[in-house]
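> Compute the structure for the input listed below.
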Amino acid sequence: MSVPLLVVLAACTFLMAMMELVVIGFLDMLAVELGVSTGQAGLMLTVHAGAVALTAPFAAFTLRYFGAKGALSFGLAIFAAGNMIIISSSYFEIAILGRVLTGIAHGVFFPVAFGVATSATDEAKQGAALGLVMAGVAVATVLGAPIGTYIGREHDWTLLFLFAGIVATVLAVIVQFVVPLRVANLSTGSPLPALRNHAILFDNVILALAYVGLFTAFGFVGEIAATGAETDAGRLAFIFLVFGVSAMIGNTLGGTLSDRGPERVVRAGLMLLTIGLLSLWVLSETEWGIYAAVAGMGAGFSTFSPALNLLLTRHDPKLATQALGLGISATNIGIAIGASVGGASLSVLEAPQLGAVGAMTVLIVLTWRFIRNPTKQMEVSS
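So this is what the prediction gives:
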């Protein structure tokens, strides 16, 4: 297992995940600067996620033309350009174009990075390798988003996009030195064969629905927390910190245990996520209850994610990159649908009840997985 390679890939996933999440903290400021409403500024999130969902399934095509090194550097270069475009103009439409480009870069980079991480690692340690690369997303939640929000609100939000553009450019150069010239078993081509693989399709549906359940509640955790006690920025930041720390632990544990049996880890993670969501509903009246629930949610989703991604690479190794691309797409589709379901549910339910809605969704997913029980196809441990 090449530690320098995995660390660089984790740094890249950290940067991209941080810049996807950080705008949540100063959407109101973006709205003022760009001359639009806060609701319209929310498109900065929507178009990024949409671009990721549409691009990720086709990431394997970049391998055909650029190879692993070129595809990763290409994604980072597009990401850098998108961030620079955002700060180059005060027009909202230009900023949206920049976010579309960063979403495209995200969709290209993540599946290729996951494929490189597993292909360049011994089979016995592939789960741990995926967990390390995906830990970049967890660290972005723990440190990147809170620190970035503080900088954006207290200083100048354009500094963040400038920083991201410069760092992405540097990482694009570093990638050329740490990624092997030839990476075996990376698949190139259309995602259609992966969609026709029933095991790959099933796992991606599971992944999307699990994220629907998670973000139905977590997308509105501020409103849920406000029902039990007065919520200030510091308390909300601590909630995100708890979520991020538990996600880091879950990523590490899930990745390591996946090498012994990924299917068991998927089911355990889904169970923990269900418990965390139910706890958010039942314990939302107490501050420590919310912290415990959020910790369970963070640990649950981050435990099953690396295990499910590992399974996606093993159903058909020739389709690994396409399968991972579909996984990235499924994740973003789940986030978007979950946020929509949560927002719609708030019109008829109290905020804490979103935890019950999310838990019910994940419980259905878990039950479906047990009933279908595709162990012959899915439990492909090393």
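
> first vs last residue of stretch 83-98, how far apart are they?
6 Å (C-alpha to C-alpha, to the nearest Å).

> Can you give the contact residues for it?
Taking contacts as C-beta atoms under 8 Å, 6 or more residues apart in numbering, the residues outside stretch 83-98 that touch it are 19, 30, 33-36, 40, 43-44, 47, 82, 99, 101-102, 158, 161-162, 164-165, 168. Where C-beta positions appear, they are placed from N, C-alpha and C, glycine not excepted.

> So which of the residues you listed are in helices?
Assigned to helices by DSSP state H, the following of the contacts of stretch 83-98 qualify: 19, 30, 33-34, 40, 43-44, 47, 82, 99, 101-102, 158, 161-162, 164-165, 168.

> Return the residues in contact with residue 243.
Residue 243 makes contact with 141, 218, 294, 295, 297, 298 under the criterion C-beta under 8 Å, 6+ apart.

> between the residues you listed, which is closest to residue 335?
The closest of these to residue 335 turns out to be residue 218 (C-beta to C-beta; 9.5 Å).

> OK, contacts around the closest one?
The contact partners of residue 218, by C-beta under 8 Å, 6+ apart, come to 243, 294, 297, 358.

> before we move on, what about residue 29?
With contacts defined as C-beta under 8 Å, 6+ apart, residue 29 is in contact with 152, 153, 157.

> and if you look at residue 278?
Applying C-beta under 8 Å, 6+ apart to residue 278 gives the contacts 355, 356, 359.

> before we move on, the earlier item: just checking, which of the contacts of residue 243 belong to helices?
Cross-referencing the contacts of residue 243 against helices under DSSP H gives 218, 294, 295, 297, 298.

> any chance you could read off phi and psi for residue 179?
phi -80, psi 130 (degrees, to the nearest 10).

> My guess is it contacts residue 4. True?
No. Taking contact to mean C-beta atoms under 8 Å, the distance of 10.1 Å between residue 179 and residue 4 leaves them out of contact.

> Which one of the two is surrounded by more residues?
Here residue 179 and residue 4 are set side by side on neighbour count (other C-beta atoms under 10 Å), and the busier one is residue 179, at 24 against 10.

> Tell me the most packed of the contacts of residue 29, by neighbour count.
Each of the contacts of residue 29 was scored by neighbours using other C-beta under 10 Å; the highest score is residue 157's, at 22 neighbours.

> ok, residue 141 - how many residues close by?
Summarising burial for residue 141: neighbours were counted as other C-beta under 10 Å, giving 23.

> got it, and residue 5?
One way to gauge burial is a neighbour count; for residue 5, by other C-beta under 10 Å, it gives 23.

> again, but for residue 192
Residue 192 sits with 9 neighbouring residues when counted by other C-beta under 10 Å.

> which residue packs closest to residue 249, ignoring adjacent ones?
With C-beta to C-beta, 6 or more residues apart in numbering as the criterion, residue 249 has its nearest non-adjacent residue at 6.1 Å, and that residue is residue 299.

> what number of residues lie near that neighbour?
Counted with other C-beta under 10 Å, residue 299 comes out at 25.
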